[in-house]
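Participant: sequence first, predicted coordinates after that:
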Amino acid sequence: MSENTLPSALSSASLHDERWRQTHLGRLLGHAMRRFDERVLHLMAGNEGVPLALANLASRDQVSAAHVHITRHLALEGSRLTDLARAAGMSKQAMGDLVDQCAAWGLVQREADPLDARARRVVFTPVGLAWLQAFKEAVAQAEAEFREAVGKDVATVVALGLEAYVN
């Protein structure tokens, strides 16, 4: 498409100023989420309550933010795979792959659903519950670091604004 065929709102000058592509809210939120998740995983790798094998996986970047989806969304009483995938915004197949990997690490297991004999639930194992506790502690630490970095008032406004935005 040549410059002569661009709509008037998309002048050549406005397209050449690309700062907006790097600084728009969605991009900043994405960067902030990745940074937060990386910090949480780093803190979990150093948590003494995390089994050594899992801490080693986390410290070698074998555990990713995708694995954190299970930690964030799996109900304490267990969840069906379809519900877990929906809550995480993932396909059932992708979540199934994550569950398989987390099961191999001993974080979760599949068991019969007591409400439906045809269905199965994903539940935390005792190791998975230790991982969940480490996740809780790491999130609290990362949030405290965020408050320290931006100030208590800004952190409060950010949290309130994001809560209003997603609800």
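Facilitator: Yep, it's here.
Participant: show me where the chain has its strands.
Facilitator: 108-113, 116-124 (DSSP state E).
Participant: including distance to Leu54, mean neighbour count and mean pLDDT, could the ones you listed go into CSV?
Facilitator: Heads up, the C-betas are built off the backbone N, CA and C, glycines and all. What follows is the strands of the chain, written out as CSV (distance: least, CB to CB, whole Å; neighbours: other CB atoms under 10 Å; pLDDT from 0 to 100):
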stretch, distance to Leu54, mean neighbour count, mean pLDDT
strand 108-113, 12, 16, 94
strand 116-124, 13, 15, 91
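Participant: what's the neighbour count on Ala142?
Facilitator: Close neighbours of Ala142, defined as other CB atoms under 10 Å, add up to 19.
Participant: wait, it touches Val40, no?
Facilitator: Yes. Counting by CB atoms under 8 Å, Val40 is a contact partner of Ala142 at 5.2 Å.
Participant: still on that earlier bit, in TSV: the strands of the chain, plus distance to Val157.
Facilitator: Output for those, formatted as TSV (distance: least, CB to CB, whole Å):
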stretch	distance to Val157
strand 108-113	36
strand 116-124	34
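Participant: leaving out sequence neighbours, find the closest residue to Val127.
Facilitator: Sequence neighbours aside, Gly106 is the residue nearest to Val127 in space, at 4.5 Å (criterion: CB to CB, 6 or more residues apart in numbering).
Participant: hang on, the one you found packs against Thr125?
Facilitator: Yes. With contact defined as CB under 8 Å, Gly106 reaches Thr125; the gap is 5.7 Å.
Participant: of all the strands of the chain, which lies closest to Ser91?
Facilitator: The closest of those to Ser91 is strand 116-124. By CB to CB, the value is 15.3 Å.
Participant: quick one: the closest one to chain centroid distance?
Facilitator: Strand 116-124 sits 23 Å away from the centroid of its parent chain (CA atoms, centre = their mean, to the nearest Å).
Participant: CA atoms of that strand as PDB?
Facilitator: Extracted in PDB, the C-alpha atoms of strand 116-124 (Å, rounded to 0.1, in the frame of the first residue of the first chain):
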ATOM      1  CA  ASP A 116     -19.100 -37.900  38.100                       C
ATOM      2  CA  ALA A 117     -17.700 -41.400  37.700                       C
ATOM      3  CA  ARG A 118     -16.900 -40.700  34.000                       C
ATOM      4  CA  ALA A 119     -14.800 -37.600  34.800                       C
ATOM      5  CA  ARG A 120     -11.300 -37.100  36.300                       C
ATOM      6  CA  ARG A 121     -10.000 -34.300  38.400                       C
ATOM      7  CA  VAL A 122      -6.600 -32.800  38.700                       C
ATOM      8  CA  VAL A 123      -5.500 -32.400  42.400                       C
ATOM      9  CA  PHE A 124      -2.400 -31.200  44.200                       C
END
